[in-house]
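1. return a 3D structure for these sequence lines:
(chains A, B, C and D, ligands or ions: 6)
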Amino acid sequence: MKKLIDAVDDVVLDALRGMAAAHPSLRVDLDQRIIVRADAPRTGKVGLISGGGSGHEPLHGGFVGYGMLDAACPGEVFTSPVPDQILAATTAVSGGAGVVHIVKNYTGDVLNFQMAAELADDEDIEVIPVVIDDDVAVQDSTFTAGRRGTGATVFVEKIAGALAEADGAVADVAAVATEVNERSRSFGVALTACTVPAAGRPTFELGEDEIELGIGIHGEPGRERTKLRTATEIVDFSLSAINDDMPLSGSDVLVMVNGMGGTPLMELYGAYAAADKWLTGHGATVSRRLVGNYVTSLDMAGCMISVCRLTPRLAELWDAPVETPGLRWGR
Amino acid sequence: MKKLIDAVDDVVLDALRGMAAAHPSLRVDLDQRIIVRADAPRTGKVGLISGGGSGHEPLHGGFVGYGMLDAACPGEVFTSPVPDQILAATTAVSGGAGVVHIVKNYTGDVLNFQMAAELADDEDIEVIPVVIDDDVAVQDSTFTAGRRGTGATVFVEKIAGALAEADGAVADVAAVATEVNERSRSFGVALTACTVPAAGRPTFELGEDEIELGIGIHGEPGRERTKLRTATEIVDFSLSAINDDMPLSGSDVLVMVNGMGGTPLMELYGAYAAADKWLTGHGATVSRRLVGNYVTSLDMAGCMISVCRLTPRLAELWDAPVETPGLRWGR
Amino acid sequence: MDVRQWIVRFSELVTADASRLTRLDSDIGDGDHGTNLDRGLRAAVAALDSDLPPGKVLMTAGRTLVSKTGGASGPLYGTALRRAGKAFGDATEVDAAGLGAALRAALEGIKELGKAEEGDKTMVDALTPAVAAYEGAAGEGLAAATRAALDGAEKGAEATVALQARKGRASYLGPRSVGHLDPGAASTVLLFRALADVAGRS
Amino acid sequence: MDVRQWIVRFSELVTADASRLTRLDSDIGDGDHGTNLDRGLRAAVAALDSDLPPGKVLMTAGRTLVSKTGGASGPLYGTALRRAGKAFGDATEVDAAGLGAALRAALEGIKELGKAEEGDKTMVDALTPAVAAYEGAAGEGLAAATRAALDGAEKGAEATVALQARKGRASYLGPRSVGHLDPGAASTVLLFRALADVAGRS
Ligand SMILES: Nc1ncnc2c1ncn2[C@@H]1O[C@H](COP(=O)(O)OP(=O)(O)O)[C@@H](O)[C@H]1O
Ligand SMILES: Nc1ncnc2c1ncn2[C@@H]1O[C@H](COP(=O)(O)OP(=O)(O)O)[C@@H](O)[C@H]1O
Ligand SMILES: [Mg+2]
Ligand SMILES: [Mg+2]
Ligand SMILES: [Mg+2]
Ligand SMILES: [Mg+2]
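-> Ligands and ions are numbered 1, 2, ... in the order given. Okay, the predicted model is just below:
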C-alpha cells in the first residue's frame, strides 16, 4: 500500500489539520473532531449537520459553509462517528431553532446518531434525524438493513442547507431533506477496489477484466461481478436500474456523475455524455448537473450516478448561493 | 487496463461531448476540438487561450469561463494540440484587442502554438505567447528543453484571466502572465504511474515501496526514484526544492497542493497541513491556497506543490470573481 | 472473578486478532471491524478503575466503547456491556447466577438496539447460543459455564458461514454474503474466550 | 521512384511498430510517439492525391502531419517533409541527386525548428548520419543510396542509447535518459526503411 500519509492512525486527524489551515471560514476542533462554520451558531437558524466515516471527501466536511451544512463530524475511515462527537457538533450549531441530522442509512451511522440525539435531548436541543437511503442497488426489504445512503446525500445537504440558510423552520428543513431523499436514487459501479489505510490491502480483489455493479461507498463489493463494460454500457445499466425504481420520463432532473476517487475527470465527462444522452432519450429533461468527485470511496476507480427529480421549489433551493470548499456558486 | 471509456480512440471526443452537454455556458466545437466561452468573442476584450494534451483535467477546458480562459484547445491524451485547432480557438476569441496564448513549456506545445501564431498573424490577429516553465525538478539550462510548465499554469490562467476580464490591454495581460510565471515554482511526486488509454499499460513500473521525485504531468518518470516517504517528508522535500530555487521567506504566498488524479482529497488535505506548517515555519505567509485536483496526470497517485509569491496586485486579481467548471467564486 | 480482567483479556485477544477480524469484514463489510474494536477496547481498558464494583466496571467499559468505537459494533457492544453492568447492580462479587443474568441482559440489549434476530448473520448468532449454553451449565459453576458459553459462541459463529445476512453491511451483498464468517460473530467468540480464560483462572 | 509510395510505406511501418515506438516513448517520454505518428501518417496518406508531382506530394504530406499529429514529432516531421517537398520544386521525377537535396533540406528544417544538434538524443541523431550516408552513396544510384541511408539511420539511432538527452521530454530525466533508444530516432529509421523499400522496388 502506497499512500500520501504520515501514519495510518493519523490520516483523519491530519486531514482535519489541513482543513483547518486551508479554510479560515471553518472552525475545526481537532479534539472533538468536528468541522463547524466559523459563524455558527446563528441565533434562530436551524442547524444542519451530517457526518459519517471519513474517506468520502469532499463529503461531508467539504460541504460545511454558507448555504449548506453548519457542521460535519467525520469518523475514522469508513467508520461512523461516535455519539460524543455528533453531540459536540449538534451543540456547536444549535441556534435555538432545532438541529437536523442528515444520516446515511448504515447501522453504525443510524445507531450513533440516535444515541447522540438522545444526549442532545437531555440538553434540550430538538433534533430531527433524516435518514438517506437512495441506493437502488440494495433491496429495501425486511431482509436487509434497508437501502444505503450514497450520492443523494449531496443533493439533500445542498437543498436542505439552502432552506436552513433562508431561515426555514426545523420541521420544514427536515421535510425538504426527506422530500429530496424520496425523489432521488443512485447506482454505483467499481472498476477497482479501494485500500483502507489501516487495512493496507484492497477491500476486494477484482480481475483485470472485471467490474463490480451496485457498489456502495465503503469499498464493499457490489451485488454482482461482471466482465468489463464500456462507459456507455455502465451508464445505461446504472440509469436503467434507477429508472426501474423511479421512472424518470417527463421529469426535470438534477443528475450527478460522481467519481469514486480514482477515476479521471476526463472519463467522468465521457460518462456524463452517455448519461445525458440516455436521460434525454428516455424523456427526462436534464436541467442541472454535477460532474466530478463529490462522494468518494478513497482511491476506488468507478462512478456513481445519482438522479433527483426536481420540483420548481427544489430547483430554486439548488440554485441558491452556496459557499463551501467542495461546492460553491452565487457568492 | 480498466477505464471508464468506450474506446481508446474516442476518449477526448467523448469528454468534449460531456463538457458540451454539462456546461451550457461553454460552446464546444467537436470538429475543431475547442472549448469556447459562449459569450466569446467580446469586442475589445483580449482573448486568453490555452491548451495542451488532454488528461490533465480540469486543466484547461475546465478553466474556460468568466474571469479565466476564453478558450481551450485539448489535444489527444498527453499530446499537444495541432496548429489548426489552436488557430480556430484564437479566431473564435479574437475581439480585436489581441490574443494571449498560455503555452506550457514542452517542445510539442511550443512548436504547435508557434505555428498557430504564424497562421493567426496571416489573419491579422495579434498573438502574444507566454511560456510557462515553473517546474523546479528540471534544470533550466542549455542542456535541457528548459523547465516544464506544470501547476503554475492555473495561477497564470486565473490571474491573467482576471486582468483580461477587466479589459486589460494585450501587452498587460501577457505581462502579468509572465510575472506570475516568474514568481511561481512547482515540484511533483508520484506514488504510481498513470496509464495512457492508447498505451494500455502504466507509463513506468514502480515498486510497492518506491516513489518518483520530480515528476512532470505526462506520466514521465521523475528525476529520481526513491523509497516511499511520509507525506510530511514528501511535502518538505518538495517545498525545499522550491525554496532553494526561489526563496520564500518573507513572502505572501498562494500555494496549491494539487492531486495528480488518483490520490484522495483526504490525503491532499493531510499534505496541505504539512505544507502550511513548513511554509509558516520558513517565514512565508500563506494567504491563499487551493487543495484538490487541478492539474492532473490521468489516474496517477501523488501530488504537486505549486507556490506563487504574491504582490498586492496579483492577490487582488486572484481574488476577482471567476466562473468556470473547475474554479468558481465571487459569482 | 474480576470483570476488569475480562475486558483486559478481551482487548488483548482483539488486538491479537484485529487483522483477522478486519479481513473478515473486508470480505462482506467495509474492512474496519478489527480496527474499530481494537480502538474502542484499548480506550475502555484505559478508562477502567480497578477499585470499582463489577457493575460499574462494565458500565464504564460500555460507555467508553460507545464513545470511542464508532461503527455498528461500538454502540452494540457498548450497550451490551452497559446492560450487563446494570444487571449486576451494586453486587461486589461475580457469581455464576449473577453473570448469567448479566449475559442475558447484554444479549437483550443488542437485540433491542440492532433489531437483529437469530439467523440474520450477526453477533447475535454467536451470543444467543453462548448465553443459552451458559445458562444450561450455570449450575456447574463459573468455570464450567463460561467454557460452555465459549463452546456455544464458537458453534454459533461457525454457523453464520452458511447464512445470508439480513442485518448490517453484509446484507447489502444479498446471496453473496453466504460462505463467509460474520466478523461480529467472530469477535463475540473472543468475548467469550476472554471470559472463559478469566473465569478459569480464579 | 514514387514518393507517394514512400509515405504509404512509412505509414505501414509505423502502424506495425506503433506500440514499440510508444513503449520507447514511455521509457523516457510520455508514451505517445507511436500513436501520434500513426494518427498523423494515416491522415497524410488519406490526403495524398496520386496525380501530384513529388514536391507537392511531400508538401501535402508535411502539412497534414503538422495538422493532425500534435506533439513534438508532428511539427518536426511535418516541417521536414514540407522542406523536402519544396526542395523538389516542380520536378516530375525523383532522381538520386534530387532526393539527396530533399533529404538535406529535411534535416535542416528539423534542426532549425527544434534547435537540436547531433548528440542531443533526438531524431536528428538518426537523420544526420542517414543523410550523410545517402550523400556518400548517391553516385551509386537511388537503391544503393537509400540502402546506405537506412544503414546510417540505424547506426545513428542505435548510438542514441548511450546518450543523455538534451532536447525534448527525455531531457527532463537527466542522466536517467541514458540507456534508452530515442523513440524519434527509432521512427526515423522507419522513414529510411520505407524509403529503401520503395526505392529498391523501382
Ligand atoms: N443490526 C445489527 N444487530 C446486531 N449486530 C449487528 C447489526 N449490524 C451489524 N452487526 C454486527 O456488527 C458487525 C460489524 O461491525 P463493524 O464492522 O465494527 O461496524 P460497521 O458495519 O459499521 O463497519 C457485523 O459483523 C455484525 O456482527
Ligand atoms: N527539439 C527537438 N529536435 C528534434 N527532435 C526532437 C526535439 N524534441 C523532441 N524531438 C523528437 O521527438 C520525439 C518525441 O516525439 P513525440 O513523442 O511524438 O512528441 P512529444 O515529446 O511531444 O510527446 C523524441 O523522441 C525526439 O526524437
Ligand atoms: Mg465501518
Ligand atoms: Mg506527447
Ligand atoms: Mg465494518
Ligand atoms: Mg511523446
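2. which residue ranges of chain A form strands?
-> Listed in chain order, the strands of chain A (DSSP state E) span A:26-29, A:34-37, A:47-54, A:71-77, A:99-104, A:127-132, A:184-190, A:210-213, A:224-227, A:252-259, A:285-292, A:302-309, A:322-323, A:328-329.
3. what about the second one and chain C, touching?
-> What that stands for is strand A:34-37. No. No part of strand A:34-37 sits near chain C under the criterion CB under 8 Å from any CB of the partner chain; the closest distance found is 13.9 Å. The C-beta positions use only the backbone N, C-alpha and C, and glycine is treated the same way.
4. quick check: phi and psi on the residue lying farthest from the centre of chain C?
-> Seen from the C-alpha centroid of chain C, the residue lying at the greatest distance (CA atoms, centre = their mean) is C:P175, 25.9 Å away. C:P175 has phi and psi values of phi -60, psi -20 when expressed as degrees, to the nearest 10.
5. how about C:A72?
-> C:A72 has phi and psi values of phi -70, psi -40 when expressed as degrees, to the nearest 10.
6. isn't it up against A:T107?
-> Yes. In this structure, C:A72 is within contact of A:T107 by CB atoms under 8 Å, at 4.1 Å.
7. in the chain, which spans are helices?
-> Just so you know, I chose chain A. Using DSSP state H, the helices of chain A run over A:11-22, A:83-93, A:107-122, A:152-165, A:170-182, A:231-245, A:265-281, A:312-319.
8. that's the wrong chain, I wanted chain C
-> For chain C, the helices defined by DSSP H cover C:3-28, C:33-47, C:54-68, C:73-88, C:96-114, C:124-137, C:142-160, C:183-201.
9. deepest of the ones you listed, which one?
-> The highest mean neighbour count among those, using mean count of other CB atoms under 10 Å in any protein chain shown, belongs to helix C:73-88: a mean of 26.
10. show me where pLDDT drops low in the chain?
-> In the absence of a named chain, chain A is used. Chain A contains residues with pLDDT under 70 at A:142.
11. meant chain C actually
-> Flagging of chain C using pLDDT under 70 yields the residue ranges C:202.
12. is chain B contacted by stretch A:215-230?
-> Yes. Against chain B, stretch A:215-230 shows contacts by CB under 8 Å from any CB at A:228, A:230.
13. rewinding a little: who has more neighbours, C:A72 and A:T107?
-> Neighbours per residue (other CB atoms under 10 Å in any protein chain shown) separate C:A72 from A:T107, with C:A72 holding more: 30 against 24.
14. gap between the more buried one and C:E112?
-> For C:A72, the distance to C:E112 equals 14 Å [CB to CB, to the nearest Å].
15. go on, C:G141?
-> Summarising the geometry, the distance separating C:G141 from C:E112, computed by CB to CB, is 30 Å.
16. same question for C:T69.
-> Using CB to CB, one gets 18 Å for the distance from C:T69 to C:E112.
17. quick revisit: shared neighbours of C:A72 and A:T107, which are they?
-> The overlap between the contact sets of C:A72 and A:T107 (CB atoms under 8 Å, 6 or more residues apart in numbering or on different chains) consists of C:114, C:168-169.
18. ok and the residue in chain A nearest ligand 3?
-> With CB to the ion as the measure, A:T79 is the residue of chain A nearest to ligand 3, at 4.3 Å.
19. wait, that residue sits on A:D109?
-> No. Counting by CB under 8 Å, A:D109 is not a contact partner of A:T79; they are 9.6 Å apart.
20. more crowded one of these two?
-> Neighbours around A:T79 and A:D109, counted as other CB under 10 Å, are more numerous at A:T79. The numbers are 33 against 30.
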